[in-house]
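Participant: here you go, sequence then predicted model.
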Amino acid sequence: MAYEVVIPQDITELGKKFLRDKGYKIRVGNGNMDTEYLKRLIINADAILARTGFYPREVLASAKNLKVIGRHGVGYDNLDLEYCKENNITITYTPSALSNAVAERTIGFIMALGQQLVFIDAETRTGNWEVRNTHRGNEAKNKVLGLIGLGRIGSLVAKKAYFGLDMKVVAYDKYASKKAFPKYINRLYSAEEVFEKADFVSLHVPSTSETNGIVNKRTLEIMKPSAYIINCSRGELIDEVDLIKAIQNKRIRGAALDVFNEEPLPDHHPFFELDNVLLTPHNSALTNETMDIIGLHAAQGIDDVLSNRKPTWPVKL
């Protein structure tokens, strides 16, 4: 009998075709992440290809045959890891699939912030042609990009910034080995040094008790008044109240954010009133190319486990 793979939130065709070609029975949900619906949907699942919805113990316990969860993405804090560990359920994820998309968004943010593109676009649309003389942008060349975290995405951002934009790159990563720092990246040994030296501080670390709130009143106060914060990682890394105050008080120049403490952003959020803050709806990884690759990699992880092979990207439980 063929294994059943349940996909509660649909993916692009590439991953589904891979599973069908391997002989798996596929069951695709309607995107509803209601607990009772999910419990019924996955009741016969041997595998779940999981996107952004939450999978608590109560839900996973309904799938008595569950052997593997293929996480469609990098983070896996939406899964009950303890339950999976207790029940020998393997989790795989897709860490390499979205690196380029997020790195490109980060570079785009650097360009947009430095050139004040959002503000200048808005003014031009009102007929204010004089903005060309009153608001001049700054080039990225020779500016200092400071990275907090030098994993797959941080390393790719560094490469694009150095070779593509002629930026200087400094980085801090407590856990990175010496070989993670090529000659063109100046290794710093504290996050504070990055905040002090950088013209653009870009965050590329996971949300942990150690990293949450790393952007706060203290670190914002040691930044250059002309500097910017960029976050395409996790919203919890920033104390938003402190960031808003710093921007309102012109302690720093501005920010570009793809992730937030609360998502979606609530109506009338203070960020909406700041024209030097660029906002996107947690979609930096959601390119057409990335969605294909993530779906395929998640499907391949499921196939590895159900075929008794060691998966390429297992989550350590």
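Facilitator: Received the coordinates, thanks.
Participant: this protein: strands as residue ranges?
Facilitator: 4-7, 25-28, 47-50, 68-71, 90-92, 144-148, 168-172, 185-187, 200-203, 228-231, 254-257, 277-279 (DSSP state E).
Participant: tell me the most buried of these?
Facilitator: strand 47-50 (a mean of 28; mean count of other Cβ atoms under 10 Å). (Each C-beta comes from the backbone N, C-alpha and C, glycine too.)
Participant: next, format the strands of the chain as TSV and append mean pLDDT and distance to residue 132.
Facilitator: What follows is the strands of the chain, written out as TSV (pLDDT from 0 to 100; distance: least, Cβ to Cβ, whole Å):
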stretch	mean pLDDT	distance to residue 132
strand 4-7	99	50
strand 25-28	98	51
strand 47-50	99	49
strand 68-71	99	47
strand 90-92	99	51
strand 144-148	99	27
strand 168-172	99	29
strand 185-187	99	36
strand 200-203	99	24
strand 228-231	99	22
strand 254-257	99	20
strand 277-279	98	20
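Participant: kindly reformat those as JSON lines containing distance to residue 111.
Facilitator: Output for the strands of the chain, formatted as JSON lines (distance: least, Cβ to Cβ, whole Å):
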{"stretch": "strand 4-7", "distance to residue 111": "36"}
{"stretch": "strand 25-28", "distance to residue 111": "38"}
{"stretch": "strand 47-50", "distance to residue 111": "34"}
{"stretch": "strand 68-71", "distance to residue 111": "31"}
{"stretch": "strand 90-92", "distance to residue 111": "35"}
{"stretch": "strand 144-148", "distance to residue 111": "12"}
{"stretch": "strand 168-172", "distance to residue 111": "16"}
{"stretch": "strand 185-187", "distance to residue 111": "20"}
{"stretch": "strand 200-203", "distance to residue 111": "10"}
{"stretch": "strand 228-231", "distance to residue 111": "11"}
{"stretch": "strand 254-257", "distance to residue 111": "10"}
{"stretch": "strand 277-279", "distance to residue 111": "11"}
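Participant: of all those, which lies closest to residue 219?
Facilitator: strand 200-203 (8.5 Å; Cβ to Cβ).
Participant: check which helices and strands the closest one sits against.
Facilitator: Secondary-structure packing of strand 200-203 (3 or more Cβ pairs under 8 Å, 6 or more residues apart in numbering; DSSP states H and E): helix 99-114, strand 144-148, strand 228-231.
Participant: need the nearest residue in space to residue 162, chain neighbours excluded.
Facilitator: Spatial nearest neighbour of residue 162, excluding adjacent residues (Cβ to Cβ, 6 or more residues apart in numbering): residue 184 at 4.7 Å.
Participant: what's the angle from the helix ranked longest in the chain to helix 99-114?
Facilitator: Counting by DSSP state H, the longest helix found in the chain is helix 288-306. Counting by axes from the mean of the first three to the mean of the last three Cα atoms, to 10 degrees, helix 288-306 points 150 degrees away from the direction of helix 99-114.
Participant: tell me which residues in helix 288-306 are buried?
Facilitator: 290-306 (16 or more other Cβ atoms under 10 Å).
Participant: mind giving me the packing neighbours of it?
Facilitator: Using 3+ Cβ pairs under 8 Å, 6+ apart, helix 288-306 is in contact with helix 13-21, strand 47-50, strand 68-71, strand 90-92, helix 99-114.
Participant: of those, which is nearest residue 122?
Facilitator: Of all the helices and strands packed on helix 288-306, helix 99-114 comes closest under Cβ to Cβ, at 12.4 Å.
Participant: the closest one vs strand 144-148, what angle?
Facilitator: 130 degrees.
Participant: would you put the C-alpha positions of helix 99-114 in PDB?
Facilitator: C-alpha atoms of helix 99-114 as PDB (Å, rounded to 0.1, in the frame of the first residue of the first chain):
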ATOM      1  CA  SER A  99      18.700  31.800   0.800                       C
ATOM      2  CA  ASN A 100      19.000  33.600  -2.500                       C
ATOM      3  CA  ALA A 101      15.500  35.200  -2.300                       C
ATOM      4  CA  VAL A 102      16.100  36.600   1.200                       C
ATOM      5  CA  ALA A 103      19.600  37.700   0.300                       C
ATOM      6  CA  GLU A 104      18.300  39.600  -2.700                       C
ATOM      7  CA  ARG A 105      15.500  41.200  -0.600                       C
ATOM      8  CA  THR A 106      18.200  42.400   1.900                       C
ATOM      9  CA  ILE A 107      20.200  43.900  -0.900                       C
ATOM     10  CA  GLY A 108      17.100  45.500  -2.300                       C
ATOM     11  CA  PHE A 109      16.400  47.000   1.100                       C
ATOM     12  CA  ILE A 110      19.900  48.500   1.300                       C
ATOM     13  CA  MET A 111      19.500  50.100  -2.100                       C
ATOM     14  CA  ALA A 112      15.900  51.400  -1.300                       C
ATOM     15  CA  LEU A 113      16.900  52.800   2.100                       C
ATOM     16  CA  GLY A 114      20.100  54.500   0.900                       C
END
